[in-house]
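In: Sequence and computational prediction follow.
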Amino acid sequence: MALPAVLVLAAGLAACDRAPSADGLKEWTASDHDGEKKSAKQGPKGDGGGASGLVELTWRNQCQSCHGPEGRGDGPQGAMFKAADLGREDWQSTVKDEEIAATITAGKGRMPKFELPDEVVKGLVVRVRSFRGQ
Ligand code: HEC
């Protein structure tokens, strides 16, 4: 009979232990799901795009070394691979979203293919669109 009360008490104490700092909590809200917008047709601002944390991480880890932080092709490996400048108006205005997605999943020229979840690929397409005109 006494045992459950002890457990509840212990749980209460553990919770109290990590109460003080509110800082770390902000980043991990589940609200990413709500923010998901259907279309990838966004303007130059690229202000949204749903699961942006994961997409951002993927861009930084998998794409930036060649394409550079702003997609200019100026990452550390950009010159060696001749990575495309993704901001070019002539390219942005003719390429379709599906073609960008296909490049990511199938590779192109010296760009390797990437096996990524659909959501991430879609987010990367939005990310690539955001480089337009920069
Ligand atoms: C190893 C270097 C490298 C990495 C890493 C890389 N790319 Fe590329 N990317 C290239 C090169 C080189 C091209 C030019 C391909 C060509 O036109 O032959 C290119 C072209 C592109 C294009 C334009 C394709 C077109 O239609 O002309 C897009 C979009 C693109 N990359 C997106 C990405 C994304 C998103 C990632 C990360 C998931 C990524 N790239 C990672 C080297 C890379």
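Out: Now that the structure is in, tell me what you want to look at.

In: I figured Q77 hits G68, correct?
Out: No - using CB atoms under 8 Å, Q77 is not in contact with G68, being 9.6 Å away. Where you see a C-beta, it was placed from the backbone N, CA and C, and this is true even at glycine.

In: so what sits against both of the two?
Out: Counting by CB atoms under 8 Å, 6 or more residues apart in numbering, the shared contacts of Q77 and G68 are A83.

In: contacting residues for the residue in the chain positioned nearest to the ligand?
Out: Here the chain gets closest to the ligand at one residue, G109, 2.2 Å apart by CB to the nearest ligand atom. Contact analysis of G109 by CB under 8 Å, 6+ apart lists nothing.

In: List phi and psi for it.
Out: When read as degrees, to the nearest 10, the backbone of G109 gives phi 50, psi -120.

In: same deal with M111?
Out: phi -80, psi 130.

In: That one reaches F81, doesn't it?
Out: Yes - counting by CB under 8 Å, M111 does reach F81; the two are 7.2 Å apart.

In: where along the protein do the helices fall?
Out: Secondary structure of the chain by DSSP state H: the helices cover 2-17, 52-58, 64-67, 78-81, 89-92, 97-106, 118-129.

In: can you tell me the average pLDDT over the longest one?
Out: Helix 2-17 shows a mean pLDDT of 50 in the predicted model.
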